[in-house]
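S.K.: I would like the atomic coordinates for the input below:
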Amino acid sequence: MKRIVVFVILLVLSVNLTYSTVASANELTTDFKLGKWQMIVDGKSGEGAFFYRFDFKDENRVTVIKQYGGNNLEEEKTWTINGNILTINSESNASITEFDKIPLVVNEDGDLLYKNGFYESVAKEHNSPLSIFHWVMILIVLMGLNELFRKSKWASIIFYFILPIALLPLWTSYGVTYWFKWVKVYSVVGASAWFILMRYTKLGGLTSAKLIAALFLALNIAEAVTQDFTMGYLPNILNGIAGVLSIATLFYGFKDMYIDNSKESDMLWTKMPLLWIIAYDIWNWVFVYLNFPGSASAQFMVLLSCTLPAMFIKKGTWLQARAFTLAAWFMYYFTFPRFTESVELLVPRNDTLMLSVAVISLIANAAYAYIYMKRIIVTKKQGKMAFV
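M.R.: Numbering: from 1, shown residues only. This next block holds a predicted model:
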């Protein structure tokens, strides 16, 4: 136990130390620096989030990439700076025009502030080596935290019962405005808290408590399905249908969920099929890719952080690991939103890719739904409840 705690602490400290070192080496001043900058802007309901990448070059040229909803734009523009006011100028036929009349403001830390009515964010300099390091560390740290919360009751209680309340004033001060992000953070924190209660109280033996555990996952999927259908683009609709199929095939074997007698007191759902988990992972990543493109790289690692332990460390723990790792990620994001947004990796995105991944998601979940229904019919005929 002590080794695990020390391991996780050292990992977190290494991330902070690396970031501090890079920041010190590239200390921003009021003198604007060329290079890559990026930010994520929360949209209104039905818009998802807008991901911007700026590549400022010599001769006052800048390439602006904008990914959002069903659109993927890249345009060449010019820029000028006067004092701490940075203005981006577009050609007459440009599509990315929001910065033409609303300049970016260079603050005392060297970041670029953007505020256009409801829409606001902070663009920070993008450091590619740090971003790759951070991307790998997401997987390592979340898997380490999952093991910590499996083995330490008090660590999980502090993390999921106390911190979400204590950090709320900080979270509300950072301008994270999209409804989905707020619903998501507290729904998965609530699920984690419920699973902890099941593991360490008599709730774990109640069928009603097991149903609630499954319903937390169904709610998690339904939140995303609602977002997909609200967006209204064809890839979103296809992926939304895939999410509905994921919910429809979710509840098999939930009554057999139990708390094992190991020293970890793990909550096990041994009848949750690996094929369902894989189809879910595909659907979930596609959802993020379509609705929140700036977060797609990180969410790939977040999904791996719960699937790998359930496959190779202890089978049957996927639902428990999913709640712990996703809640930990969102708590981290809400605590350091602008930093995490600045180190996201740019994932290629165009109309063909968006439609392709949505079709893959639908096929994967439809294929599992077919297997699910076929097995249900066969087992009913045989009078058995076996399932793969």
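S.K.: Tell me if I'm right that residue 189 and residue 160 touch.
M.R.: Yes - Residue 189 is within contact range of residue 160, at 5.8 Å (criterion: Cβ atoms under 8 Å). C-betas here are computed from N, CA, C, even on glycine.
S.K.: can you list residues touching both of these two?
M.R.: residue 327 (Cβ atoms under 8 Å, 6 or more residues apart in numbering).
S.K.: in the stretch 101-250 of the chain, which spans are strands?
M.R.: Counting by DSSP state E, counting those that start in this stretch, the stretch 101-250 of the chain has strands at residues 104-106, 112-116, 119-125.
S.K.: what about the residue lying closest to residue 320 once chain neighbours are set aside, how many residues close to it?
M.R.: In space, and not counting its chain neighbours, residue 320 is closest to residue 267: 4.7 Å by Cβ to Cβ, 6 or more residues apart in numbering. Applying other Cβ atoms under 10 Å, we find 24 residues neighbouring residue 267.
S.K.: Residue 79 - that's part of a helix, no?
M.R.: No - judged by DSSP: H, G, I helix; E, B strand; the rest coil, residue 79 forms no part of a helix; its state is strand.
S.K.: Run through the bridge partners of it.
M.R.: With DSSP bridges as the criterion, residue 79 is bridged to residue 88.
S.K.: mind listing what it touches?
M.R.: 56, 60, 61, 62, 86, 87, 88, 89.
S.K.: State the pLDDT value of the most centrally placed residue in the chain.
M.R.: Residue closest to the average C-alpha location in the chain (Cα atoms, centre = their mean): residue 299, at 4.3 Å. pLDDT, residue 299: 98.
S.K.: Tell me which residues are up against the helix or strand containing it.
M.R.: Here residue 299 sits within helix 296-308, counting by DSSP states H and E. Residues outside helix 296-308 that contact it (Cβ under 8 Å, 6+ apart): 135-136, 138-139, 142-143, 146, 277-278, 281, 284-285, 288-289, 318, 321-322, 324-326, 329, 340, 344-347.
S.K.: Which PyMOL command selects the buried ones in the residues you listed?
M.R.: Buried subset of the contacts of helix 296-308, written as a PyMOL selection, criterion 16 or more other Cβ atoms under 10 Å:
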select buried, resi 135+138+139+142+143+146+277+281+284+285+288+289+318+321+322+324+325+326+329+340+344+345+346+347
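S.K.: Can you give me the neighbour number for residue 253?
M.R.: A count of nearby residues for residue 253, using other Cβ under 10 Å, gives 15.
S.K.: ok, now residue 121?
M.R.: 24.
S.K.: wait, isn't residue 187 in contact with residue 222?
M.R.: No - using Cβ under 8 Å, residue 187 is not in contact with residue 222, being 10.0 Å away.
S.K.: before we move on, back to that, so which of the strands of the stretch 101-250 of the chain is nearest residue 379?
M.R.: strand 119-125 (51.7 Å; Cβ to Cβ).
S.K.: Just list the residues touching residue 188, thanks.
M.R.: Applying Cβ under 8 Å, 6+ apart, we find residue 188 in contact with 220, 323, 326, 327, 330.
S.K.: let's see 10 Å
M.R.: For residue 188, the contact set (Cβ atoms under 10 Å, 6 or more residues apart in numbering) comprises 160, 216-217, 219-220, 223, 322-331.
S.K.: State the distance from the residue lying closest to it once chain neighbours are set aside to residue 262.
M.R.: Residue nearest to residue 188 in three dimensions, not counting chain neighbours: residue 327, with 4.1 Å by Cβ to Cβ, 6+ apart. According to Cβ to Cβ, to the nearest Å, residue 327 and residue 262 sit 22 Å apart.
S.K.: more neighbours, those two?
M.R.: When residue 327 and residue 262 are compared for neighbours, residue 327 comes out ahead with 26 against 10, by other Cβ under 10 Å.
S.K.: could you say which helix or strand contains the more buried one?
M.R.: Assigned by DSSP H and E, residue 327 belongs to helix 318-335.
S.K.: List the buried residues in the following helix or strand past that helix.
M.R.: Where DSSP H and E defines the elements, the next helix or strand beyond helix 318-335 is helix 337-342. Neighbour counts over helix 337-342 (16+ other Cβ under 10 Å) mark 337, 338, 339, 340, 341, 342 as buried.
S.K.: Repeat that for stretch 223-242.
M.R.: 223-225, 227-229, 231, 233, 235-236, 238-242.
S.K.: would TSV of the contacts of residue 79 with pLDDT be doable?
M.R.: Below are the contacts of residue 79 laid out as TSV (pLDDT from 0 to 100):
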residue	pLDDT
56	97
60	95
61	97
62	97
86	96
87	95
88	96
89	95
